[in-house]
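> sequence and predicted model, in that order:
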Amino acid sequence: MERPRHLGLWLLLLSATGSGLLLRWYSGYSSRALEPRDGRACSSSLDLALQRRPRLRRQLNLSIQVLLWGGLFTQELWDHLSQRGGPYGWQGLSRETIASTLGLLNDSESSELFAVPKGRGPGCIRCAVVGNGGILNGSRQGQNIDAHDYVFRLNGAVIEGFEKDVGNKTSFYGFTVNTVKGSLLSYRALGFTSVPQGQALRYIFIPADIRDYVMLRSAILGVTVPEGRDRGDNPQIYFGPDASAGKFKLLHPDFIHYVTERFLTPRWIHRTIGDQYMPSTGALVLLTALHTCDQVSAYGFITRNYKKFSNHYFDRSNKALVFYLNHDLLLEAALWRKLHKAGIIWLYQR
Ligand SMILES: *[C@@H]1O[C@H](CO)[C@@H](O)[C@H](O)[C@H]1NC(C)=O
Ligand SMILES: *[C@@H]1O[C@H](CO)[C@@H](O)[C@H](O)[C@H]1NC(C)=O
Ligand SMILES: *[C@@H]1O[C@H](CO)[C@@H](O)[C@H](O)[C@H]1NC(C)=O
Ligand SMILES: *[C@@H]1O[C@H](CO)[C@@H](O)[C@H](O)[C@H]1NC(C)=O
């Protein structure tokens with residue numbers, strides 16, 4: 001997706017609306033801002049925020065390829081990615097499995113997160129990313145969340161019974177096979193009885209392991225998983241009966257590497273566990289949204305006062321936040337605070 005990236009010229013426009021006078025910034029070169037979809041433009045722009053933060057502007061590469069698809073699969077890519085282990089690469093993974101999976105994601109729709117409807121110009125894409133943090137319990141943010149163009153959820157995203165707090169719309173659901181199966185086991189009794197499904201919903205596979213490629217391939221083919229740790233699983237149980245290639249998106253290992261290097265380099269304690277470290281699913285989904293949407297609101301992500309809240313919004317009794325050894329949630333918390341302060345994302349806090 002093309003995004004406005006020119007930072008040079010800014011026009012201040014005044015527009016009168018039914019509800020009064022709105023003051024808006026438009027990037028002079030940005031076709032998206034000047035031809036807003038549905039007549040809307042971003043009322044505060046990522047570009048503007050970045051203009052004031054040269055360091056963050058250098059850190060954030062909005063041209064980075066977020067998704068991996070068949071069109072990118074070359075010998076060069078294989079040589080490059082087979083030097084790094086998962087989730088940053090393909091070291092030790094079967095080339096045949098990866099090639100056959102990517103061969104099924106060989107349509108340009110697999111290269112983009114959003115399908116831009118034909119004949120409609122680009123507009124302001126507003127996204128809500130909903131983490132599962134206890135801060136959402138009693139938050140009454142459901143309507144605000146659902147008002148976004150796209151709603152991203154992940155892992156044990158319980159919706160039923162929590163609509164007032166977390167909304168009921170899901171456009172994208174992000175996971176690794178490990179985290180989704182873990183969530184179904186751990187949170188079933190708390191209401192996470194199935195992966196969110198729906199006609200318009202898309203799944204974002206985070207390729208941490210070969211099993212993610214194997215599951216993805218089986219899901220598209222509509223067959224039982226033939227090999228590996230998930231052998232015998234029926235992907236339809238997770239993704240519903242009409243799971244064709246268009247339903248799935250796959251994060252690019254280079255994107256995971258880039259966000260880790262630039263934003264979430266582990267502190268020493270996590271470096272000691274070496275290859276086990278990776279950003280949390282929530283962090284990867286939030287950073288995916290940041291690199292594809294024009295505006296991002298983050299709900300249910302870790303805040304400075306996380307100790308005031310239970311681990312998850314759907315907990316039945318108060319549970320402390322669990323710090324997994326393979327993630328660095330405090331580092332992530334500091335990043336969300338920094339991006340919020342810089343106006344790059346909006347972080348729900350209370
Ligand atoms: C941003 O990413 C694109 C695509 O990978 C790359 O070509 C470009 O050099 C990167 N720009 C910067 C400033 O890192
Ligand atoms: C994708 O399709 C093109 C054209 O048919 C083909 O050359 C290429 O090998 C395919 N890519 C993969 C990964 O199968
Ligand atoms: C969400 O709730 C609204 C009303 O509260 C309802 O109209 C809509 O169908 C629901 N959407 C989903 C995906 O359940
Ligand atoms: C959720 O919030 C309610 C009050 O809104 C509170 O009584 C309950 O204990 C909270 N649940 C957890 C698990 O903290």
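Sure thing, it's come through. Numbers count the residues shown, from 1 in each chain. Ligands and ions are numbered 1, 2, ... in the order given.
> nearest to ligand 2: which residue in the stretch 1-150 of the chain?
Ligand 2 sits closest to residue 103 of the stretch 1-150 of the chain, with a gap of 3.2 Å, by C-beta to the nearest ligand atom. (Each C-beta comes from the backbone N, C-alpha and C, glycine too.)
> can you give me the helices in this structure?
Ranges of helices in the chain, per DSSP state H, are 31-34, 46-51, 54-59, 75-81, 95-104, 142-146, 163-166, 177-186, 210-221, 235-239, 253-263, 268-271, 281-290, 329-341.
> for those, give me TSV that also has mean neighbour count, distance to residue 323 and mean pLDDT.
As requested, these are exported to TSV (neighbours: other C-beta atoms under 10 Å; distance: least, C-beta to C-beta, whole Å; pLDDT from 0 to 100):
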stretch	mean neighbour count	distance to residue 323	mean pLDDT
helix 31-34	19	39	32
helix 46-51	19	30	83
helix 54-59	12	25	93
helix 75-81	13	30	98
helix 95-104	16	32	98
helix 142-146	17	26	98
helix 163-166	19	23	98
helix 177-186	18	16	96
helix 210-221	23	24	98
helix 235-239	18	27	97
helix 253-263	19	18	96
helix 268-271	11	10	61
helix 281-290	26	13	98
helix 329-341	17	6	95
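> Throw those into a markdown table and include distance to ligand 1, thanks.
Listed next are these as a markdown table, based on distance: least, C-beta to the nearest ligand atom, whole Å:
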| stretch | distance to ligand 1 |
| --- | --- |
| helix 31-34 | 19 |
| helix 46-51 | 12 |
| helix 54-59 | 7 |
| helix 75-81 | 12 |
| helix 95-104 | 18 |
| helix 142-146 | 30 |
| helix 163-166 | 34 |
| helix 177-186 | 26 |
| helix 210-221 | 22 |
| helix 235-239 | 29 |
| helix 253-263 | 7 |
| helix 268-271 | 24 |
| helix 281-290 | 14 |
| helix 329-341 | 18 |
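> among those helices, which comes closest to residue 203?
The closest of the helices of the chain to residue 203 is helix 235-239. By C-beta to C-beta, the value is 6.1 Å.
> hang on, residue 349 packs against residue 303?
Yes: Residue 349 lies in contact with residue 303 (C-beta atoms under 8 Å); the separation is 4.9 Å.
> between the two, who's got more neighbours?
Between residue 349 and residue 303, residue 303 has the larger neighbour count (other C-beta atoms under 10 Å), namely 20 against 14.
> how far away is that one from residue 210?
Separation of residue 303 from residue 210 (C-beta to C-beta, to the nearest Å) stands at 35 Å.
> then residue 338?
For residue 338, the distance to residue 210 - C-beta to C-beta - is 34 Å.
> got it, and residue 106?
Taking C-beta to C-beta, one finds residue 106 at 20 Å from residue 210.
> go ahead and confirm residue 160 touches residue 191.
Yes: using C-beta under 8 Å, residue 160 makes contact with residue 191 at a distance of 6.2 Å.
> more neighbours, these two?
Using other C-beta under 10 Å, the more surrounded residue of residue 160 and residue 191 is residue 191, with 14 against 11.
> show me the contacts for that one.
Residue 191 makes contacts with 158, 160-162, 314, as judged by C-beta atoms under 8 Å, 6 or more residues apart in numbering.
> between the residues you listed, which sits nearest ligand 2?
residue 158 (36.6 Å).
> for the closest one, what are phi and psi?
As for residue 158, its main-chain torsions (degrees, to the nearest 10) stand at phi -80, psi 130.
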